[in-house]
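**Q** Need coordinates for the below:
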Amino acid sequence: MAALIVMTRNVCTFRFILAFSLGAGPVPGPLLPEIFGARIRAKAVALSLGVHWICNFMIGLFFLNVVQKFGVSTRYLFVSAMCAAEVAYVSSNVIETKGRSLEDIERELNPAV
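**A** Predicted structure coming up:
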């Protein structure tokens, strides 16, 4: 029975990693350059991705401690809730950029400029 539980956890972990890698995982890379203006784009993207990877490192560092304290189900329930919040935020706050120049996007994000 214990082997079945471990195998189920491994399969669920693999499915989560696969879904994250195909879904929300790569989003910051192509999205960040479109958000920042041309003047600050390089530094802002570098800083943002640096913070992103520091947060990833911290999550990896404390993941097992959180699982031991709260359990796997609670941890994945929290991750699911965060993903749902992310979908809601992106749906309401991220504009469509397909087929538009960076200057057009910058004008829409900063109408006073």
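**Q** Tell me where this protein has helices.
**A** Ranges of helices within the chain are 2-22, 28-35, 41-70, 72-93, 102-109, based on DSSP state H.
**Q** Format these as JSON lines; extra columns: mean pLDDT.
**A** Shown next, in JSON lines, are the helices of the chain (pLDDT from 0 to 100):
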{"stretch": "helix 2-22", "mean pLDDT": "77"}
{"stretch": "helix 28-35", "mean pLDDT": "80"}
{"stretch": "helix 41-70", "mean pLDDT": "89"}
{"stretch": "helix 72-93", "mean pLDDT": "85"}
{"stretch": "helix 102-109", "mean pLDDT": "76"}
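**Q** can you list these in a markdown table and add mean neighbour count?
**A** Yep, even glycine has a C-beta here, placed from its N, CA and C like the rest. Putting the helices of the chain into a markdown table (neighbours: other C-beta atoms under 10 Å) gives the following:
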| stretch | mean neighbour count |
| --- | --- |
| helix 2-22 | 11 |
| helix 28-35 | 14 |
| helix 41-70 | 12 |
| helix 72-93 | 11 |
| helix 102-109 | 13 |
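**Q** Farthest out from the centre of the protein, which residue is that? Tell me.
**A** Using C-alpha atoms, centre = their mean, the residue of the chain lying farthest from its centre is Met1. It sits 34.5 Å away.
**Q** Could I get the contacting residues of the residue nearest to Phe36 when sequence neighbours are not counted?
**A** If the residues on either side of it in the chain are set aside, Phe36 comes closest to Ala44, at 4.2 Å by C-beta to C-beta, 6 or more residues apart in numbering. Contacts were defined as C-beta atoms under 8 Å, 6 or more residues apart in numbering; by that measure Ala44 touches 32, 35-36.
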